[in-house]
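Q: have a look; sequence and predicted model below, questions after that.
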Amino acid sequence: MLAVLLLLSSAAADARVVRVVIDSRQPVAGGAPIGIAGPCERIVGRVFYAFDPRNPQNRQIVDLALAPRNARGEVEAWGEFALVRPADPARRSGIALIDVTNRGGQTTFVFHLGARRDLPPDSPGHYGDALLLARGVTIISIGWQFDVPPQDGLLHFHPPEAGTAAEPITGLVRSDVTIEAATRTVSLGHGVGASRAVAYPVADSGDPANVLTVRDDPAAERRVVPRSAWRFAREQDGRVVDDSRSIYMGGGFEPGKIYEAVYRAKGAVVVGTGLAAVRDLVSYLKYDKDSIAPSHHGIAYGVSQTGRFLRHFLYQGFNTDEQGRKAFDGIFSHTAGAGRGSFNHRFAQPSRDAQPYSTFFYPTDVFPFTSVETIDPVTKVRGALLGAGNAAHRPKVFYVDGGYEYWGRAASLTHTTVDGTRDLGFTTSERRYVIASAQHSSPAPFPPDRAAKDQEAPSYRGNVLDQRLALRALFVALCDWVTKGSEPPASRYPTLGRGELVAPNDVRFPAIPGVAVARIPAQPYRVDYGPRWGQGIIDVEPPRLGPPYTVLVPRVDEFGNDAAGIRSVELRVPLATYFPWRLRIGAPAATDRMASFTGMFVPLPRTEEDRTSSGDSRPSLERLYGGREAYLRRVDDATRSLVGERFLLAADAQAARERMAATWDWVMQAR
């Protein structure tokens, strides 16, 4: 393994990246060209940071002043990174894309058609058509999250703890889990199996503050589980062993129930240094000409959890570095909905989110939601997402969601008043795009797995609408806006003013025999975490709930597809209903609630006879198109329109056509 230490210049020290260690540097695929990107190289290593608690740009980092300091009075941290770029400097555009990794995993594959995440990152197939690399972008994936599990292939971050060994900081931590199958052990960390996050350990297993409750619904009354029925332990090799990060219950956890542990933990990590690390890495790349990848422009990409991270980054004013310089020039916040997250408070759990039927009442969907200032009429609090930080350092921002985020991530709150009565806009440096009917983050595999078919209905679990084509076009538009000042397409999302947003119960779905429809979206509440929440400290667990916020969802067309937003070729020339959600059918409880993140694919009736015999209210393919050739002519018209609107790259029109031709063939044969 190569171990190279880069000794940085004083300019680099000002960026507060104090050193970089390269652990390996090698050509991808042995130096063979990767599409039109040409030969590429991959560098893996570690970045070491130092943060000055006295600097005004760091004062928002909770507990930074309580962390150990070096001889210069700074707080240190380090993280892992992986960099991929064209090997030939002449092919590099000067754009550094910071991939803010999701739970340690790299995410920019969504921009690369044909990317194979199951292949190793030193193989060409891992990058598919390598759109970003072909445009000269340097992709730098960065670890920023302390609770990523210790697995190979993930990028980790190592921040300091606040307090000292002699005087550790303790505090209340909450861990909830929706039990879907019988078990006797649950982790206190978010997630399941080997991918679960690293939990804070209990400080004292006998502390009376440690309480386990069970309930039947998110807002239902909690029932205390007797302390004698459970312990901090886990099953291992047929034995029960003590474990400060797990709970064991000999009688078993009951499927269908929501269990919640509140316990006094130790080891208060300075979680907010992850935000500062992302800030300082891009500043180092932009302002140090001797950096590992000197760059003219920095763009951040985050999806789901890290899309929320980037909204949090903006909200707390992190886009100005310690030297008062602008960090990112552009931000692509993908499928964040209205959320921020647990990224900068005492005992924060970055992996926690807010799903339709799990991970409830964490500080994810918290006011303010909108970029422009508004007021909550219930609490009388006034605020704006972009209220903090230097207005001159605001980057150009794309907020990109799918239909799922309206049902599962309260996305309407990003552009309406909190009572859902009035539209609110965005600043001139922002655009909002909604990919109509898309499920969360990325499409389901095509063709659908026959095993995913609901035996009682003509539906398949997983929505195959290929949102990647729109995402590719949008990323190119953001790059051109940042580097050339080229105006991107106008925002496109559903609004109240155009009658495109409605209450969930008012959505007029078509009648599809055997298909139950969603009526209950994920519901954010006003939440009280106690008197010190403004300082980043939670004193009340579980938090006290106030009135819910108003959540609105997109109106649908006669096919059941979202009527507003970027309507991809799948919706302009439909072969199916692309539901961005699906229900928890087959779960042990709450089958009228939504499953997390996934949608459904429900083909249209093939013939009028099929339609009338089944009672399906949607038009048949026979009536709509007649035959395959007529259908593909309509597809060609739709792709030309999308290219003209700049929501499809001209080079991707053929891929869109081939996808729809394959969908036609599959739909006409499947059942």
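A: Nice, thanks for sending it over.
Q: all strands for the stretch 501-650 of the chain, in order.
A: Assigned by DSSP state E, counting those that start in this stretch, the strands in the stretch 501-650 of the chain fall at 501-502, 525-528, 544-548, 553-554, 576-579, 600-603.
Q: got TSV for these, with mean neighbour count, mean pLDDT and distance to residue 421 too?
A: Glycine gets a C-beta too; all of them are placed from N, C-alpha and C. Formatted as TSV, the strands of the stretch 501-650 of the chain follow (neighbours: other C-beta atoms under 10 Å; pLDDT from 0 to 100; distance: least, C-beta to C-beta, whole Å):
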stretch	mean neighbour count	mean pLDDT	distance to residue 421
strand 501-502	20	98	11
strand 525-528	18	98	17
strand 544-548	12	97	15
strand 553-554	26	98	16
strand 576-579	28	98	27
strand 600-603	26	97	31
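Q: and those: which comes nearest residue 437?
A: Shortest distance between residue 437 and the strands of the stretch 501-650 of the chain, using C-beta to C-beta, is found for strand 576-579: 4.2 Å.
Q: list the helices and strands the closest one packs on?
A: Contact analysis of strand 576-579 by 3 or more C-beta pairs under 8 Å, 6 or more residues apart in numbering; DSSP states H and E lists helix 569-572, strand 600-603 as its packing neighbours.
Q: distance between the last one and the chain's centre?
A: By that I understand strand 600-603. The chain centroid and the centroid of strand 600-603 are separated by 24 Å under C-alpha atoms, centre = their mean, to the nearest Å.
Q: over to the first one?
A: Per C-alpha atoms, centre = their mean, the displacement of helix 569-572 from the mean C-alpha position of its chain is 25 Å.
Q: what's in contact with it?
A: Helix 569-572 is contacted from outside by 436-437, 465-466, 469, 557, 559, 561-562, 576, 578, 635, 638-639, 641-642, 648, 656, 659-660, 663, using C-beta atoms under 8 Å, 6 or more residues apart in numbering.
Q: with the last one instead?
A: Outside strand 600-603, the residues within contact range by C-beta under 8 Å, 6+ apart are 444, 448, 457-464, 512, 515, 560, 575-579, 581-582, 667, 670.
Q: let's see that with 6 Å instead.
A: 448, 458, 459, 460, 463, 464, 576, 577, 579, 582, 667 (C-beta atoms under 6 Å, 6 or more residues apart in numbering).
Q: pull out the buried members of those.
A: With neighbours counted using 16 or more other C-beta atoms under 10 Å, the contacts of strand 600-603 contain these buried positions: 448, 458, 459, 460, 463, 464, 576, 577, 579, 582, 667.
Q: now render those as TSV, adding distance to residue 392.
A: What follows is those, written out as TSV (distance: C-beta to C-beta, whole Å):
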residue	distance to residue 392
448	49
458	55
459	50
460	49
463	41
464	43
576	47
577	46
579	43
582	45
667	52
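Q: of all the strands of the stretch 501-650 of the chain, which one is nearest residue 51?
A: Each of the strands of the stretch 501-650 of the chain was checked against residue 51 via C-beta to C-beta, and the shortest separation belongs to strand 525-528, namely 29.1 Å.
Q: show me what that closest one is packed up against.
A: Taking 3 or more C-beta pairs under 6 Å, 6 or more residues apart in numbering; DSSP states H and E as contact, the helices and strands that strand 525-528 lies on are strand 544-548.
Q: mind listing the helices for the stretch 201-350 of the chain?
A: 273-287, 305-315 (DSSP state H, counting those that start in this stretch).
Q: JSON lines for these, including distance to residue 426 and mean pLDDT?
A: JSON lines is the format used below for the helices of the stretch 201-350 of the chain (distance: least, C-beta to C-beta, whole Å; pLDDT from 0 to 100):
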{"stretch": "helix 273-287", "distance to residue 426": "22", "mean pLDDT": "98"}
{"stretch": "helix 305-315", "distance to residue 426": "12", "mean pLDDT": "98"}
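Q: ok, back up a step: just give me the closest of the buried ones among the contacts of strand 600-603 to residue 607.
A: Among the buried ones among the contacts of strand 600-603, and counting by C-beta to C-beta, the member closest to residue 607 is residue 667, at 12.0 Å.
Q: name the element that closest one belongs to?
A: Assigned by DSSP states H and E, residue 667 belongs to helix 653-669.
Q: cool, and residue 152?
A: Taking DSSP H and E as the definition, one finds residue 152 inside no helix or strand.
Q: and it, how far from residue 104?
A: To residue 104, residue 152 is 10 Å away according to C-beta to C-beta, to the nearest Å.
Q: any idea how far residue 408 is from the residue minimising distance to the centre of the chain?
A: Most central in the chain under C-alpha atoms, centre = their mean is residue 304, positioned 0.7 Å from the mean C-alpha point. According to C-beta to C-beta, residue 304 and residue 408 sit 11 Å apart.
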